[in-house]
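> Return a 3D structure for these sequence lines:
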Amino acid sequence: MPTHNLNVFALRLRLARKAKKLSQERLGILAGIDESSASARMNQYERGKHVPDFLMASKIAEILDLPTAYFYVENDLLAEIIQVSHTLSNEQKLEVLRFIKDLQDF
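Numbers count the residues shown, from 1 in each chain. The predicted model follows:
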């Protein structure tokens with residue numbers, strides 16, 4: 001799904017939260033938002049009405065086991081690469097980086 005017409009953060013947040021099967025309220029509470037406003041705040045983030053500051057975005061990313069950068073990358077393919085590479089070991093990440101650099105030489 002192309003993201004160019006939507007708030008990138010909002011779209012990726014909604015997809016990531018649903019993939020982890022968390023409610024907006026639960027994710028908000030786990031991110032440190034007060035129970036009374038957790039659901040409403042997360043809903044505003046997912047609708048693109050508000051964008052969390054970087055610290056909150058980092059907390060959300062940690063809970064969803066994603067790198068924070070995933071939520072800001074406009075290119076869907078690059079976002080998927082970031083998402084998948086997040087689970088690799090450092091050694092594997094270096095191997096991927098070497099492979100990408102080798103591709104640049106072609």
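
> burial count for residue 33?
Per other Cβ atoms under 10 Å, the neighbour tally for residue 33 reads 21. Placement of C-beta: from N, CA and C, glycine included.

> Check residue 78 too.
12.

> which phi and psi does it have?
Dihedral angles of residue 78 (phi, psi; degrees, to the nearest 10) stand at phi -60, psi -40.

> so what pLDDT did it get?
What the model reports as pLDDT for residue 78 is 94.

> any idea how far residue 70 is from it?
The spacing between residue 78 and residue 70, counted by Cβ to Cβ, to the nearest Å, is 9 Å.

> cool, residue 100 as well?
Taken as Cβ to Cβ, the span from residue 100 to residue 70 is 18 Å.

> Please identify which of the two sits among more neighbours.
When neighbours are counted by other Cβ under 10 Å, residue 100 and residue 70 differ, and residue 70 comes out ahead with 23 against 10.

> Does residue 25 touch residue 39 like I think?
Yes: in this structure, residue 25 is within contact of residue 39 by Cβ atoms under 8 Å, at 3.8 Å.

> Quick check: residue 24 touching residue 44?
No: between residue 24 and residue 44 there is no contact under Cβ under 8 Å: 9.6 Å.

> These two: who's more crowded?
Using other Cβ under 10 Å as the criterion, residue 24 and residue 44 rank with residue 24 on top: 19 against 16.
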